[in-house]
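A.B. asks: Output the structure for:
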Amino acid sequence: MGPILLAFALAVLAWLLVVGDLVRKHRPAWHWYIVGYPATAWRVLFTWRRVALLNDLSVSKLPARTLVGHLIVKGDPVRPMAPRASFPRATRMGLSVTVRLHAGQTPMTYMKAADALTHAWRVHAVRVTSPQRGLVLLTAMASDPLQRPGLATAPAELLSALIGALESGGAWVMNLRLVPHWLITGATRSGKSTLLARLITQLATQPVALVGIDCKGGMELGLFTRRLSALATCRREAVAVLSALVVDMQDRMGACRAAGVRSIWELPDKLRPIPVVVIVDEIAELYLSDGTRESKAEAEQCSTLLLRLGQLGAALGLHLVVAGQRVGSDLGPGVTALRAQLGGRICHRVNDPGTAEMTLGDLNKDAVAVAQTITAEERGVAVCTGPDGGWSRARSHLTSTQEAVSTARKYSGMTPQLPAIDRALAALEGVIK
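C.D. replies: This next block holds a predicted model:
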């Protein structure tokens with residue numbers, strides 16, 4: 001009877017292993033809640049005090065030396081106390097722990113200990129945020145949620161683009177009605193150009209005008225010419241295009257003033273001008289100067305015109321999406337002033353800490369540190385801000401060049417004419433000839 005029971009037990013165990021493997025592959029969330037979460041929660045509870053002690057998260061309530069009268073009495077060191085942590089709460093493919101900080105502690109100490117927590121809990125990563133003063137939220141992820149981001153859905157709204165997926169599993173949406181202007185940074189092969197292609201693909205299907213400024217001879221944005229209302233391929237053309245947009249902006253102001261409203265969105269549909277999205281690829285090319293008077297004048301003009309559009313364009317349906325490999329104060333004070341108007345921020349992997357600081361530093365220091373941990377293998381991964389002022393890691397959906405160009409051609413019939421820009425470029429061409 002014994003061998004039969006043993007064989008039966010082994011068969012049941014093998015069956016459970018096979019079923020468990022199938023559930024893990026095809027229903028990872030179920031596997032996490034049934035197997036992964038209980039095991040990980042136990043490791044969190046079992047290792048918390050030791051990890052806190054080894055990574056300077058614990059503090060002693062009393063000093064080892066005490067002043068008694070005029071004498072210093074040295075006693076035995078007081079046993080360190082780990083911070084109070086909540087019971088691990090299960091999330092989809094992860095868990096979260098809320099920790100109450102000791103007096104004098106800052107979230108930065110926990111950010112430095114994130115790698116130690118990751119190894120102790122045997123998870124993919126641990127993110128540290130501070131939802132309110134005196135608390136930190138440790139969010140552990142069992143696996144990389146951005147390795148295979150699903151095609152999340154988002155409501156179809158004008159000037160809204162589904163870019164990719166957030167680390168939380170939600171949809172990554174750029175809504176220009178909520179956040180009118182954006183700054184996107186990223187080194188070569190970080191995913192910045194793919195993100196712009198995705199944005200153009202999403203906006204191409206909507207009744208909006210797309211204006212491109214690509215001072216690299218139009219190598220990037222020139223692929224989408226059929227859907228662009230205008231494309232500037234050098235700084236001189238950029239000045240002409242931006243100047244025409246500023247004139248158009250003033251006309252829109254006049255229309256709003258005459259109708260007694262404060263934005264074009266309050267105008268009747270028949271009177272409302274079409275929204276315009278200006279996409280600038282490689283912002284540094286507009287600000288760099290070779291030292292000549294003409295070059296300096298063009299750079300100053302670009303700086304002034306972009307700043308005016310950023311300051312006044314949101315209510316008038318004029319939106320900026322500014323991208324670059326490097327953005328720093330060395331490009332001039334105009335870049336810093338423009339950045340203040342670009343409320344939306346996206347930072348891919350960058351080559352220098354200054355660009356990450358310039359992109360995210362004025363909004364959240366924690367986001368800067370996380371952005372600098374993005375590796376070269378994580379193409380398309382970025383740290384982005386949300387309309388609520390928070391930030392998250394995200395990954396854009398891979399949009400091939402062929403797909404983007406095909407979409408631009410398919411919807412080329414929706415490309416609106418912008419007569420003011422056409423006249424400006426025609427006049428510039430006549431002057432050059």
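
A.B. asks: I'd like the domain boundaries of the protein, if you could list them.
C.D. replies: Using automatic domain parsing, the domain parsing of the chain gives 29-141, 160-432.

A.B. asks: quick one: residue 41 and residue 167, what's the gap?
C.D. replies: Counting by Cβ to Cβ, to the nearest Å, the gap from residue 41 to residue 167 is 20 Å. Yep, even glycine has a C-beta here, placed from its N, CA and C like the rest.

A.B. asks: Those two: which is more packed in?
C.D. replies: Using other Cβ atoms under 10 Å, the more surrounded residue of residue 41 and residue 167 is residue 167, with 22 against 18.

A.B. asks: which SS class is the closest residue to the more buried one other than its chain neighbours?
C.D. replies: In this structure, residue 167 finds its nearest non-sequential neighbour in residue 393, 4.2 Å apart by Cβ to Cβ, 6 or more residues apart in numbering. Three-state assignment for residue 393 (DSSP: H, G, I helix; E, B strand; the rest coil): strand.

A.B. asks: just residue 184 next, same as before
C.D. replies: Residue 184 ends up strand, using three-state DSSP.

A.B. asks: So for this protein, the centremost residue is which one?
C.D. replies: Centroid-nearest residue in the chain: residue 384, 1.5 Å away (criterion: Cα atoms, centre = their mean).

A.B. asks: So what are the sheet partners of the helix or strand containing that one and their directions?
C.D. replies: Using DSSP states H and E, residue 384 sits within strand 381-385. Partners of strand 381-385 in the sheet, by DSSP bridges, are strand 344-347 (antiparallel), strand 391-396 (antiparallel).

A.B. asks: With mean pLDDT as extra columns, can I get those strands in TSV?
C.D. replies: Listed next are the strands paired with strand 381-385 as TSV, based on pLDDT from 0 to 100:
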stretch	mean pLDDT
strand 344-347	94
strand 391-396	87
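
A.B. asks: re the thing from before, what would the domains of the chain look like in CSV with distance to residue 4?
C.D. replies: Formatted as CSV, the domains of the chain follow (distance: least, Cβ to Cβ, whole Å):
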stretch, distance to residue 4
domain 29-141, 29
domain 160-432, 47
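
A.B. asks: Between the ones you listed, which has the poorest mean confidence score?
C.D. replies: Looking at the domains of the chain, the lowest mean pLDDT belongs to domain 29-141 (a mean of 81).

A.B. asks: dump the residue contacts of the residue nearest to the centre of the chain.
C.D. replies: Residue 384 makes contact with 166, 172, 344, 345, 346, 347, 391, 392, 393, 394, according to Cβ atoms under 8 Å, 6 or more residues apart in numbering.

A.B. asks: you'd agree the second one is in a helix?
C.D. replies: Right, residue 172. No. Counting by three-state DSSP, residue 172 is not found in a helix; it is strand.

A.B. asks: my guess is it meets residue 162, correct?
C.D. replies: Yes. The pair residue 172 / residue 162 is scored as a contact, 7.4 Å apart, by Cβ atoms under 8 Å.

A.B. asks: which of the two has more neighbours?
C.D. replies: Between residue 172 and residue 162, counted using other Cβ under 10 Å, the more crowded position is residue 172 (27 against 21).

A.B. asks: For the more buried one, give me its contacts.
C.D. replies: 152, 162, 163, 164, 165, 166, 384, 394, 395, 396.

A.B. asks: As JSON lines, those with distance to residue 281 would be great.
C.D. replies: Below are the contacts of residue 172 laid out as JSON lines (distance: Cβ to Cβ, whole Å):
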{"residue": "152", "distance to residue 281": "26"}
{"residue": "162", "distance to residue 281": "21"}
{"residue": "163", "distance to residue 281": "16"}
{"residue": "164", "distance to residue 281": "19"}
{"residue": "165", "distance to residue 281": "24"}
{"residue": "166", "distance to residue 281": "24"}
{"residue": "384", "distance to residue 281": "18"}
{"residue": "394", "distance to residue 281": "20"}
{"residue": "395", "distance to residue 281": "20"}
{"residue": "396", "distance to residue 281": "15"}
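
A.B. asks: Are any of those residues buried, and if so which?
C.D. replies: Neighbour counting with 16 or more other Cβ atoms under 10 Å marks 162, 163, 164, 165, 166, 384, 394, 395, 396 as buried within the contacts of residue 172.

A.B. asks: Which stretches in this protein count as helices?
C.D. replies: Per DSSP state H, the chain carries helices over the ranges 2-26, 28-31, 37-54, 107-112, 114-121, 192-203, 235-259, 284-287, 293-312, 333-341, 353-360, 365-371, 401-410, 419-432.

A.B. asks: Would you format the ones you listed as TSV with distance to residue 326 included?
C.D. replies: Below are the helices of the chain laid out as TSV (distance: least, Cβ to Cβ, whole Å):
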stretch	distance to residue 326
helix 2-26	42
helix 28-31	39
helix 37-54	38
helix 107-112	25
helix 114-121	27
helix 192-203	11
helix 235-259	17
helix 284-287	6
helix 293-312	16
helix 333-341	10
helix 353-360	5
helix 365-371	14
helix 401-410	23
helix 419-432	28
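
A.B. asks: from those, which stretch is densest packed?
C.D. replies: Most buried of these by mean neighbour count (mean count of other Cβ atoms under 10 Å) is helix 192-203; its value is a mean of 24.

A.B. asks: the inter-axis angle of that one versus strand 391-396?
C.D. replies: For helix 192-203 against strand 391-396, the angle by axes from the mean of the first three to the mean of the last three Cα atoms, to 10 degrees is 80 degrees.

A.B. asks: Helix 192-203 packs against which elements?
C.D. replies: Here helix 192-203 is seen to pack against strand 160-166, strand 182-185, strand 276-281, strand 318-324, strand 391-396, helix 401-410 when contacts are counted using 3 or more Cβ pairs under 8 Å, 6 or more residues apart in numbering; DSSP states H and E.

A.B. asks: Kind regards, and thank you for your time.
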